[in-house]
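A.B. asks: need a structure here:
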Amino acid sequence: MRIALQQQGDEGVLYRMLIEERPHLFADSMVFVAESSIRKQYDIIAAIESVIAMPAYQQRVLAYAPGTAQFIPKAHGVFFGYDFHLSPKGPQLIEINSNAGGALLNAILARAQTACCDPAEINAVAARNPEQAFMAMFIEEWQAERGQQLLHSIAIVDENPPAQFMLPEFLLFKKLFEQHNINTVICDPAELDYRDETLWHGNTPIDLVYNRLTDFGLEAEPLAPLREAYLSGAVVVTPHPRAHALYADKRNLAILTDETALRDMGVAAETVTLLLEGIAHTICVHKEDAETLWKIRKQLFFKPAKGYGSKAGYRGDGLTKRVFGEILHGNYVAQTLVRPTERQLQVENELVDLKLDLRQYVYRGQVQLTSARLYQGQTTNFRTPGSGFAHVVVVPDGGE
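C.D. replies: Modelled structure (predicted):
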């Protein structure tokens, strides 16, 4: 990892933040995945994208989306994260995120593996220069809205950035943008002001906001300047509220795994089959179903509809009656539990059982990068020895 940071000139502060202050951000090992599994994930992603493009689907999901999602921007939204567990029946999508973090960190990780491994053995995605693809993506987002105008400034926006675990990635993106002569700031939304039909950070007009906020609809009052600038077309925001509404609201998975709903929307039979096989079955939680849900809770995972990062998610086999009561009143979905793959690795001279999931970073239906996350416990936490982002090596079938 030190080699990769030196290549980017990121010694000192970044090295300390990435390696010393966040020692479990990167796992100690690679993850090997069969080529057929990766191809199946690509097929599932393509099937989902085809449904999301359908007006009938959009009408359904926008019916419960916030008002800001009704605004139709020309930008698509960057860094959709399709997260999979590898089940005995094949890969199963467990969720989609609309502002998935970690892409640039995984690009660095891929380069570190390139430096120490036989290039013939590493994931071909790493050889395609993902940083270049990421930069082209942001330019494409800008040009979708502004044509051939020059992009002068970007604000990377999140609440209290210095306190964010992913702050090192913000700094890496700032460096990437500035290498392309784009003035970049990292800021809290409270530092933004909307006046004179322009979004400002101090005395700097902002052209584009790289949105890392988890208020996906930009609904909170402190976000009013950003929200007003976005809805007036004064600034390009990516990813934006509509992107989350179409892709990442967990209630969407209930539609994508409802055979009747899919057929009613006119989805092709082969696509319906692929979705039902490739997505963990999901239903919306309703109070009137409490008795049934409690009985089968051990086979379920409960997630808030607008959740992210596994926050407030619960495996049913560990639920108390009190928490279950909160779920019933909390706008949740219940998903068939797909247990993650487990790998036994040697960590600090001890054998440790680690779980893993895969994330596909996707833009406009195309996979840009594949990564894995190793973890202990219920969900990914980047806190335990041996855990963290792991480089994925795709191997021929039978070699996983």
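
A.B. asks: make it CA atoms for all contacts and neighbour counts henceforth
C.D. replies: Will do.

A.B. asks: Distance of the nearest residue to residue 69 once chain neighbours are set aside relative to residue 14?
C.D. replies: Spatial nearest neighbour of residue 69, excluding adjacent residues (Cα to Cα, 6 or more residues apart in numbering): residue 242 at 4.1 Å. Using Cα to Cα, to the nearest Å, we find residue 242 at a distance of 33 Å from residue 14.

A.B. asks: Any idea what residue 91 is bridged to?
C.D. replies: On the basis of DSSP bridges, residue 91 is bridged to residue 86.

A.B. asks: Show the contacting residues for it.
C.D. replies: 37, 40, 41, 84, 85, 278 (Cα atoms under 8 Å, 6 or more residues apart in numbering).

A.B. asks: Which two of these have the greatest separation?
C.D. replies: 40 and 85 (12.2 Å; Cα to Cα).

A.B. asks: Between those two, which is the more surrounded one?
C.D. replies: A side-by-side neighbour count of residue 40 and residue 85, using other Cα atoms under 10 Å, places residue 85 first with 22 against 16.

A.B. asks: so that one touches residue 337, yeah?
C.D. replies: No - in this structure residue 85 lies outside contact range of residue 337 using Cα atoms under 8 Å: 10.1 Å.

A.B. asks: Quick one: the strands in the stretch 251-400 of the chain, in order.
C.D. replies: 282-284, 300-304, 314-315, 332-336, 341-347, 350-363, 366-375, 388-395 (DSSP state E, counting those that start in this stretch).

A.B. asks: of all those, which lies closest to residue 55?
C.D. replies: Nearest of the strands of the stretch 251-400 of the chain (Cα to Cα): strand 350-363, 19.8 Å.

A.B. asks: Give the buried residues for that closest one.
C.D. replies: For strand 350-363, a neighbour-count test (16 or more other Cα atoms under 10 Å) marks 352, 353, 354, 355, 356, 357, 358, 359, 360, 361, 362, 363 as buried.

A.B. asks: Can you give me the neighbour number for the residue lying closest to residue 244 once chain neighbours are set aside?
C.D. replies: Nearest non-adjacent residue to residue 244, counting by Cα to Cα, 6+ apart: residue 98, 5.3 Å away. Neighbours of residue 98 under the rule other Cα under 10 Å: 29.

A.B. asks: picking up where we left off before, comparing residue 242 and residue 14, which residue is more hemmed in?
C.D. replies: residue 242 (26 against 18).

A.B. asks: average pLDDT across the host helix or strand of that one?
C.D. replies: Using DSSP states H and E, residue 242 sits in helix 241-243. Mean pLDDT, computed over helix 241-243, is 98.
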